[in-house]
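> Sequence and predicted structure are below.
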There are 2 protein chains.
Amino acid sequence: MDNHYDSYFHALADPTRRAVVARLAQGPAAVSELHAPHAMALPTFLKHLKVLESSGLVRSEKKGRVRTVHIEALPLAEAENWISQQRQIWSRRLDRLQTLAEQSPSPTKEPSP
Amino acid sequence: MDNHYDSYFHALADPTRRAVVARLAQGPAAVSELHAPHAMALPTFLKHLKVLESSGLVRSEKKGRVRTVHIEALPLAEAENWISQQRQIWSRRLDRLQTLAEQSPSPTKEPSP
């Protein structure tokens, strides 16, 4: 499982690969369409696509001469959930600290004897 | 901004660094305490800590001889939100496709002339 997260986050740690994920969130696309906005040689772009596909975040299918790439929802959800869980743990801790601070009697409110 | 995401996701693409983030979600900790569960030399561990701190996901403060590490909530939220946004776009697209499928008249329901 840990290896999955390694490859999810590694795949997302690059602007070209994030742009591909953002484009695919709007729907499947052919490799040529995905490549078009990026000022890089096709082989370089294909390497980025391979990193994304190896991570499981996207998958591709070839029909005839056209390879179409899709997003995979589950791995994206797993990556999001990992971060989300840490944030929730951290957030609950802050809430507990605040409650404790509110419950403890304020020394200034105590009447002097 | 794109560079931030590069460093957030790069920082999270390693099991040791994710373990540190998960530990810090429960509260601040001294470097020695963070290092203890990891079977690696301190200099190697400190490199991981440096990657996390450079990304902005954590920060540390030295008081006397003890360096204490804290999580930073905002960068973690930014990383989560990036993935969350893509998932929402993808999810809304699926919803639209489903609505379209439900609205289009089914050929089997049409009465024969």
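Thanks, I have the structure now. This one's a predicted model, so the numbers in the text were calculated from it and none came from an experiment.
> Could you check which helix or strand contains the closest residue to A:Glu61 other than its chain neighbours?
Once its chain neighbours are removed from consideration, A:Glu61 has its nearest residue in A:Thr68; the separation is 5.6 Å (Cβ to Cβ, 6 or more residues apart in numbering or on different chains). Heads up, the C-betas are built off the backbone N, CA and C, glycines and all. Secondary structure assignment for A:Thr68, by DSSP states H and E: strand A:66-71.
> Could you list the residues in contact with that strand?
The contact list for strand A:66-71, computed with Cβ atoms under 8 Å, 6 or more residues apart in numbering or on different chains, reads A:20-21, A:24-25, A:28-32, A:34, A:49, A:53, A:57-62, B:86, B:90.
> picking up where we left off before, could you count how many residues lie near the residue nearest to A:Glu61?
Summarising burial for A:Thr68: neighbours were counted as other Cβ atoms under 10 Å in any protein chain shown, giving 15.
> In terms of pLDDT, where does it sit?
On pLDDT, A:Thr68 comes in at 97.
> distance of it from chain B?
15 Å (Cβ to the nearest Cβ, to the nearest Å).
> Likewise for A:Pro15?
Relative to chain B, A:Pro15 is positioned 5 Å away (criterion: Cβ to the nearest Cβ).
> Ok, A:Glu61 next?
Using Cβ to the nearest Cβ, A:Glu61 is found at 17 Å from chain B.
> Next: A:Val51.
Here the criterion is Cβ to the nearest Cβ. By it, A:Val51 lies 11 Å from chain B.
> Downstream of the helix or strand containing that residue, the next helix or strand is which one?
Taking DSSP H and E as the criterion, the element that holds A:Val51 is helix A:42-55. Past helix A:42-55, further along toward the C-terminus, the next helix or strand under DSSP H and E is strand A:58-63.
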